[in-house]
Structures are given as structure tokens and as C-alpha cells.
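Chemist: Here is my input; please provide its structure:
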Amino acid sequence: MTTTSVDDLAVELVLDAHALVGEGPVWDDTSGTLVWVDIMGHAVHRYDPGSGRDVTLDVGQPVGAAALRRDGAGLVLALRDGFGVLDETSGEVQLVAPVELDVPTNRMNDGKCDPGGRFWAGTMAFAVTPHVAALYRLDPDFKVSRMVGEITLSNGLGWSPDGRQMYYIDSVTQGVDVFDFDPADGSLGQRRRLITIPPGEGLPDGMTVDAEGGLWVALHGSGSLRRYWPDGRVDRVVRVPPKMVTCCAFGGPDLTDLYITTMCYGLGAEGLQAQPLAGALFRCRPGVRGLQPHRFAA
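Modeler: As a prediction, this is how the structure comes out:
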């Protein structure tokens, strides 16, 4: 595997947020803001790069991801208890589709919308227990389908630029898998391994796909992100100060800014002293454009 390092690429601190578990960044081109979540802080954030202002809404429970809606009215959330909708004006959260309420030791984690406007998000045990979680799909009529079972730590999702491939990370498997994907009905083909990441190089976490088809994977514990080609080649590496990097997303007017989330949960006093920027939001400009994020079709 050939790696061309771009470690000298300028990485900018944009918000010293001290997020417990910063995750799920998504660019809202309508408002020119970045939506992101603090899972264990129970918070949905909107960061405005123009003013530097970050607005926070407490949603009352762990929130793994947020998705934009096509009509522009609020957000769809992957909550501890299932899928919900957030009215950002009132701050009201409505649970529209419970998920795994019979498994109180689980919560929802990372999620994204597919090209057809469906919201996908998976679960994990708070104590990270093998094979007790699943990946779910929320349709625009709020119907939920269990799409993949026997998951341990459901994490990054992404689609190829043509919408025909869905990339997926169950973190403990140390890699990225791929499914053939039908944008018309949201069905999946056979799952197969695309990229394997050696354990010493970090735990694969969140992910985004750029306009050229490159997969940007956050490698938790390594303080780095790598850009992989679907054939497994690595051609770019970006490093941030905190080790526990969690996710990334393209944003900005031309989708050329790469935003990177991190976490500080579980570090303790000594760890926080060693990594004072853990939980911060960062940005870099890697020289490629991202894809416009898909919105929930309701």
C-alpha cells in the first residue's frame, strides 16, 4: 500500500468546544453553517464559520447523528431511543420511530442520508458488546427497516458519487465494507470487505466521500484521517492534535473545507492535560471537493 503523506497541510482549530463525543458533522448550504453533535453531551450544534458562533440545543438524551431535511424544517436525529425530529426554533424533540427500546443498554450512533432521502443510522452498546447492534433505515414515511444485523459498533457511512455503492464501518472489524446499493428502493446487495486497517493504525470511525470518490476515514486513537481510494490505496493523511478523532465532513461555499470532530470522553485529568484540544472542531483544506450531503426527503 502506497501512502503519500500530507502531514504539513495546515489544520486550523475553529472551535475549542470541549465536546465529550463530537461527531456527525454535516454542511448546510442553505444557511452556510455546520451541523454537528456531541453524543454524550446530548447536544446538537450549529457552527457559523462566518461569525464563529456556535449555537447549541440540548436534546435530552445521547444523539448519534443529525440529518438535514429537504423542506428545510428542522433536523432528523438518531437518538438513544430511536429516530426523532428536532424543531430548532422551539427546541422541541419528537420521537417518531423508536428503535431497540427493549435493549436499554444500546444507543444509536453515526448516521447519514442516502441519495433517495432515507436516513440510515446504526446502534451500539454503551459498553461496546459484540454483535448486539444493527444498522437501520428510516424512510420518509418514518417506517424503520432493520437492514444489517450482528453489528458491534455501527459507525461511518457514505455513498459513491454515482450512488451505486454504500460504504459502511463496523469499527471493531477494522475496516470499511461495501454494499451494492439501489438508490430507487434503498436495498442492499451482498456485503464485502473493501479496505482493511491494521489495528495499530487506529480504529475506523466516521467517514465521508469526496467528489472524486475518495473515502476520508477518521482513525480513532491515531489523531489522523486517511484518504483511501476504493482499491485500498492511501494518498493523503491529515493529522490533528487530539488522538481521539471521530468524524469528518466537507463544507464551505465550494465544499473544499474538511471539518474534523474529536472527543474527550473518558480521558481523565491526566489525558486532558496531555491533549488540551480533545473535543475541539478542526478544519483543513485538502485540495479536493466534497459531495453535497443528501437530505431527508420529508
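
Chemist: Can you get me a residue count around the residue lying closest to L281 once chain neighbours are set aside?
Modeler: Leaving out its chain neighbours, the residue that sits closest to L281 by CB to CB, 6 or more residues apart in numbering is L15, at 4.1 Å. Placement of C-beta: from N, CA and C, glycine included. Summarising burial for L15: neighbours were counted as other CB atoms under 10 Å, giving 22.

Chemist: what sits against L15?
Modeler: Applying CB atoms under 8 Å, 6 or more residues apart in numbering to L15 gives the contacts Y47, G52, D54, A280, L281.

Chemist: what is the third one paired to in the beta sheet?
Modeler: Beta-bridge pairing of D54 under DSSP bridges involves Y47.

Chemist: Could you double-check that Q190 lies in contact with D180?
Modeler: Yes: Q190 is in contact with D180 according to CB atoms under 8 Å; the separation is 7.1 Å.

Chemist: list residues touching both of the two?
Modeler: When contacts are counted by CB under 8 Å, 6+ apart, Q190 and D180 have no shared neighbour.

Chemist: neighbour count winner among the two?
Modeler: For the pair Q190 and D180, the greater number of neighbours falls to D180 (13 against 7), based on other CB under 10 Å.

Chemist: ok, the more buried one touching D162?
Modeler: No: counting by CB under 8 Å, D180 stays clear of D162, with 11.5 Å between them.

Chemist: Give me the helices and strands touching the helix or strand harbouring F282, please.
Modeler: Element membership for F282 (DSSP states H and E) is strand 281-284. Packing partners of strand 281-284 (3 or more CB pairs under 8 Å, 6 or more residues apart in numbering; DSSP states H and E): strand 11-15, strand 257-262.

Chemist: you'd agree L13 is up against L277?
Modeler: Yes: the pair L13 / L277 is scored as a contact, 6.5 Å apart, by CB under 8 Å.

Chemist: More neighbours: which of these two?
Modeler: More neighbours surround L277 than the other of L13 and L277, with 17 against 12 (other CB under 10 Å).

Chemist: what's the more buried one sitting at in phi/psi?
Modeler: Dihedral pair for L277: phi -100, psi 10, per degrees, to the nearest 10.

Chemist: all helices for the chain, in order.
Modeler: Listed in chain order, the helices of the chain (DSSP state H) span 268-274.

Chemist: for it, what's the longest strand?
Modeler: Ranked by number of residues, the top strand in the chain under DSSP state E is strand 187-196.

Chemist: strand partners of it, parallel vs antiparallel please.
Modeler: Strand 187-196 has the following strand partners under DSSP bridges: strand 175-182 (antiparallel).

Chemist: how far does the strand it pairs with sit from the chain's center?
Modeler: Remark: strand 175-182 is offset 16 Å from the chain centroid, using CA atoms, centre = their mean, to the nearest Å.

Chemist: Kindly report the same for stretch 211-225.
Modeler: Centroid separation between stretch 211-225 and its chain, computed with CA atoms, centre = their mean, is 11 Å.

Chemist: buried residues in it?
Modeler: G214, L215, W216, V217, A218, L219, H220, S222, G223, S224, L225 (16 or more other CB atoms under 10 Å).

Chemist: again, but for stretch 78-91
Modeler: Counting neighbours by 16+ other CB under 10 Å, the buried set in stretch 78-91 is A78, L79, R80, D81, G82, F83, G84, V85, L86.

Chemist: Same check on stretch 119-126?
Modeler: Applying a neighbour-count criterion of 16+ other CB under 10 Å, the buried positions in stretch 119-126 are F119, W120, A121, G122, T123, M124, A125.

Chemist: would you turn the residues you listed into JSON lines with distance to M108?
Modeler: Listed next are the buried residues of stretch 119-126 as JSON lines, based on distance: CB to CB, whole Å:
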{"residue": "F119", "distance to M108": "11"}
{"residue": "W120", "distance to M108": "11"}
{"residue": "A121", "distance to M108": "5"}
{"residue": "G122", "distance to M108": "7"}
{"residue": "T123", "distance to M108": "5"}
{"residue": "M124", "distance to M108": "8"}
{"residue": "A125", "distance to M108": "12"}
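
Chemist: Over to the closest residue to D38 other than its chain neighbours: give its phi and psi.
Modeler: Among residues not flanking D38 along the chain, A19 sits closest, at 4.2 Å (CB to CB, 6+ apart). The phi and psi torsions at A19 (degrees, to the nearest 10) take the values phi -60, psi 140.

Chemist: wait, what's in contact with A19?
Modeler: The contact partners of A19, by CB under 8 Å, 6+ apart, come to D38, G41, A43, T261, T262, M263, C264, G279, A280, L281.
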